[in-house]
Every structure is written in C-alpha cells, then in structure tokens.
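**Q** no sequence for this one, just the structure:
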C-alpha cells in the first residue's frame, strides 16, 4: 500500500467561525432574552396602570383648582372679608376679633358648595358628583352620566406668611389645598397638593 502526498497541501481544518453555537451559548442567550422580555412586560404594566389612574389624577387636580378659584373669586367680589379667608377659629385676625375664618379644617368628603358658593366652608352640603356626557357626547342632555366622588377627600389649610425676621405678613396668606383619593391599582391613598398664596388686594 502506498500513500501519495501532494507537496504544499495540508489537511483541511475548520476555523472557529465555522463551528455552530454550543448548548451553553444558546442557554445564556435565552436567559438574557428572558430577562429583557420580563423587564419590558413590567414597564408595559406600569404604563397601563398609569393610564388607568390618569382620570382620577385629573379629577383630583380639578377639585383642588376649583377650591382655590372659589376663594379668589370670593375675595375679588368682596364677598369675603380678609379675616374670613382663614381656617375657622384662627386667632390672627386683623380686625382685632378673638377668632375668625370660615374654612373648615382637616380632610373632609367632597361636598357641593353651599349658599355662599365657596368650597370648604361649613355650609357645604350633598356629595359632589362628576358629570360626564353620555353616549351622544353632549353635555346637558338626558343621557349624561353622574359619577359620585365618594373616594375623594379635600382639605383647605390657610396659614399666615412670615418674613425673614419671623414677623407675620398681614397682607399675604399661604393656601394649601390637599386632595386625597384612592385608585383601584393602589392600596395606599394618592395625594394631590396645590400650594399658592393669596393677597388681601386684588
């Protein structure tokens, strides 16, 4: 038996790039892909929850805004005196009275404004409802939908403002309106806070 050798030729060898993926490489790739997909699903779930609570967030913002606007409107129309724009029982009365203020303290249910037309005072009555258009998409028709705001509470806190020396500024007060509400997606209540100032002068 004879073997013929061709000069200049070597046995054919496969390079590293010609080999396929090993089982370990496939398993690691699948693990990385799984982690990425789980993270993406988590972000998607958070986005869906945020979208579902956006209506409640908007309602809370509107409730705080309407309370502040009713205070400013009452001041502008001179319906309220400057001493009235405080929480009930306040002792910082510019008139010299022992106590003044008409706004109730603490978190209370969302009631309709009473005869004075101002939210957050003692004459508020009846659970406030959100009115939405019905199937026709038009407000004021017979198919309008009323949603009671039973999951909401509101507090109005009006405080004196101090200057750099700790003295009370008699012509400006701080207004903090807090709306606390629950959503189906959260166990703890959510809170929206509107902070502003109101002056004695228009």
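**A** Happy to help now that I have it. Owing to the predicted nature of the structure, the values given are computational and were not obtained by experimental measurement. Numbers count the residues shown, from 1 in each chain.

**Q** leaving out the residues flanking it, which one is nearest to residue 189?
**A** Spatial nearest neighbour of residue 189, chain neighbours left out: residue 180 (4.9 Å); criterion: Cβ to Cβ, 6 or more residues apart in numbering. The way it works is simple: take the backbone N, C-alpha and C, and place the C-beta from them, glycine included.

**Q** the one you found reaches residue 186, doesn't it?
**A** No. Residue 180 lies out of contact with residue 186 (Cβ atoms under 8 Å); the separation is 11.7 Å.

**Q** which one of those two is surrounded by more residues?
**A** Between residue 180 and residue 186, residue 180 has the larger neighbour count (other Cβ atoms under 10 Å), namely 16 against 12.

**Q** beta partners of the more buried one?
**A** residue 153, residue 191 (DSSP bridges).

**Q** spit out the contact partners of it.
**A** Counting by Cβ atoms under 8 Å, 6 or more residues apart in numbering, residue 180 touches 107, 152, 153, 154, 155, 189, 190, 191.

**Q** for this structure, what spans make up the helices?
**A** 23-76 (DSSP state H).

**Q** low-scoring stretches of it, by residue?
**A** Scanning the chain for pLDDT under 70 picks out 1-21, 44-52.

**Q** I appreciate the help and will end here.
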